[in-house]
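Novice: curious how this folds, go ahead:
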Amino acid sequence: MSNNADIEQFTGLILLSGVDKPGITQSLFEVLSPFSISILDIEQVVIKDRLILTVLISLNPAHEEAIALDLEACGAALDVDIATLFSFTQSSTISIKTGLVHIVILSRTINPSAIAQLSGAVTELGANIERVTRIASSPVTAIEFVVSGASPHTISQTLSPIAAHNNVDIAVQPGGLQRHARKLIQLDVDSTLIQQEVIELLAKRAGVADEVIAITQKAMAGELDFAQSLKARVALLKGLPVSAIAEVQGEILLTPGARTLVSTLHTLGHTVSVVSGGFIDVIAPLLQELGIKYFKANTLGIESGLLTGEVVGPIIDRAAKAQALREFAATESIAMEQTIAIGDGANDLDMIAAAGLGIAFNAKPAVKAAADSSLTAPYLDSVLYLLGISGEDIEQSLN
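Specialist: The predicted structure is shown next:
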């Protein structure tokens, strides 16, 4: 007895293109309705005002000529081009494929060379591009490729130099249902969720900005132990009036796209957490405003209305950030494979390594090298595109 996968069937590929207008899809399928046909695959896209509609059907070979003639008449009536290709095909070639990999390429400007090199690299791996979809057009362009025939790790390693050479961001993730599972997304604060470094804002008011910035840069580059550097910087703030905290809160600016990112994730049922090597005294009102209930940050010592120059309680260093990710995920019953960590500095390396997906956001070179994906566009909501959430989906979630 022969295997069903080896049975040939007669198929027809229909390609319709032309200026988009209401009723085209309906008219095409009304033409096909009288025939004994099964729809095997279909895809429709509108770019500018041009419609491209492809349909794969199985049919009785005896109906090939009649279908072709009816489609030709339909094309003339609609003023569109309809091309057809009929052939015998192994049924296995149109079966559902597993092990698909999603590749997202994004940048404010994507040039043809980047697409050519990406496609060529996929081909050299023996893989195949199954589908290409534009998922965002503003303020960045994001294009998703669905690929079969290669592992996510292999593809990621191959595409990394292509991303760097073309100044684009490329993220690679496995497909399947798990891609759409509920997730925990954990964010660093300074230079990630917000545009500034909070301790530098405080230092400016204490008149020690240059000294604090110098220590911060060494710590974020991994040249200094974070805990020691934090203590040294906070010590320079001794005697600063507590009123400076409220002043700094008024200066904080969210990173472009941060509010959209958090709001969209909440709307879609995901959990957002925040960890910071900065100070809860400063960011607490912002977290409340954004509706973020999971957070960890350092606490400033305060006595008699003045900063003591000390940190109260355990310091939130890189190990503490990773531990917070695990704790928050366990509380929400989310597997670590479904966690995402986003940060920019050496203090974020442990949580980026622990997460199912680590994202370096406008990060230092060492962090980019360690992360699964890297974003260089200054829009935090670009993270959503890496999760397969389109610009249209984001707009709907905000309405």
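
Novice: okay, CA-based contacts and neighbour counts for the rest of this
Specialist: Fine.

Novice: off-centre distance for the one helix or strand residue 366 maps to?
Specialist: Here residue 366 sits within helix 365-370, counting by DSSP states H and E. Distance, stretch centre to chain centre, for helix 365-370: 18 Å (C-alpha atoms, centre = their mean, to the nearest Å).

Novice: next: stretch 105-124.
Specialist: Relative to the centre of its chain, stretch 105-124 is centred 17 Å away, using C-alpha atoms, centre = their mean.

Novice: list the buried residues for that stretch?
Specialist: By 16 or more other C-alpha atoms under 10 Å, the buried positions in stretch 105-124 come out as 105, 106, 107, 108, 110, 114, 118, 119, 121, 122.

Novice: distance of the last one relative to residue 168?
Specialist: Relative to residue 168, residue 122 is positioned 17 Å away (criterion: C-alpha to C-alpha, to the nearest Å).

Novice: phi and psi next, for the residue lying farthest from the centre of the chain.
Specialist: Here the chain reaches farthest from its C-alpha mean at residue 62, the gap being 48.1 Å by C-alpha atoms, centre = their mean. Dihedral angles of residue 62 (phi, psi; degrees, to the nearest 10) stand at phi -70, psi -20.

Novice: check residue 301 too.
Specialist: According to degrees, to the nearest 10, the main-chain angles of residue 301 amount to phi -80, psi 130.

Novice: and what of the one 4 residues further on?
Specialist: In this entry, residue 305 is assigned phi and psi values of phi 80, psi 10 (degrees, to the nearest 10).

Novice: in space, what's closest to it - neighbours in sequence excluded?
Specialist: residue 242 (5.3 Å; C-alpha to C-alpha, 6 or more residues apart in numbering).

Novice: what number of residues lie near that neighbour?
Specialist: Counted with other C-alpha atoms under 10 Å, residues neighbouring residue 242 total 17.

Novice: need the contact list for it.
Specialist: Contacts for residue 242 (C-alpha atoms under 8 Å, 6 or more residues apart in numbering) come out as 302, 305, 306, 307.

Novice: what subset of those is buried?
Specialist: Buried subset of the contacts of residue 242 (neighbour count, 16+ other C-alpha under 10 Å): 302, 306, 307.

Novice: check contacts around the last one.
Specialist: Think residue 307. Applying C-alpha under 8 Å, 6+ apart, the residues near residue 307 are 237, 238, 239, 240, 241, 242, 300, 301.

Novice: turn the buried ones among the contacts of residue 242 into TSV, including pLDDT.
Specialist: Shown next, in TSV, are the buried ones among the contacts of residue 242 (pLDDT from 0 to 100):
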residue	pLDDT
302	97
306	97
307	98
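
Novice: picking up where we left off before, mind listing what's buried along the helix holding residue 366?
Specialist: Buried-residue list, helix 365-370, by 16+ other C-alpha under 10 Å: 366, 367, 368, 370.

Novice: helices and strands around that helix, which ones?
Specialist: With contacts taken as 3 or more C-alpha pairs under 8 Å, 6 or more residues apart in numbering; DSSP states H and E, helix 365-370 sits against helix 349-354.

Novice: how far away from the center of its chain is the helix it packs on?
Specialist: 17 Å.

Novice: with stretch 360-369 instead?
Specialist: Here the centre of stretch 360-369 is set off from its chain's centre by 16 Å, with C-alpha atoms, centre = their mean.

Novice: what is the nearest of the contacts of residue 242 to residue 335?
Specialist: Nearest to residue 335 among those: residue 302, at 38.4 Å, using C-alpha to C-alpha.

Novice: ok, that closest one to residue 243 distance?
Specialist: As judged by C-alpha to C-alpha, residue 302 and residue 243 stand 11 Å apart.

Novice: same question for residue 320.
Specialist: 29 Å.

Novice: neighbour count winner among these two?
Specialist: More crowded of residue 320 and residue 243, by other C-alpha under 10 Å: residue 320, with 21 against 11.

Novice: in what helix or strand does the more buried one lie?
Specialist: helix 318-331.

Novice: show me what counts as buried in that helix.
Specialist: Applying a neighbour-count criterion of 16+ other C-alpha under 10 Å, one finds 318, 320, 321, 322, 323, 324, 325, 326, 328, 329 buried in helix 318-331.

Novice: redo those residues as TSV? Include pLDDT and distance to residue 283.
Specialist: Putting the buried residues of helix 318-331 into TSV (pLDDT from 0 to 100; distance: C-alpha to C-alpha, whole Å) gives the following:
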residue	pLDDT	distance to residue 283
318	94	19
320	97	18
321	98	16
322	98	20
323	98	20
324	98	17
325	98	19
326	98	22
328	98	19
329	98	22
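
Novice: most widely separated two among the residues you listed?
Specialist: 318 and 329 (17.0 Å).

Novice: any low-confidence regions in the chain?
Specialist: Scanning the chain for pLDDT under 70 picks out 1-7, 90-96, 220.

Novice: 80 - rerun?
Specialist: Along the chain, the model assigns pLDDT under 80 to residues 1-8, 89-98, 177-178, 219-222, 393, 396-399.

Novice: can you give me the end-to-end distance of stretch 249-268?
Specialist: Counting by C-alpha to C-alpha: the opening and closing residues of stretch 249-268 are 29 Å apart.
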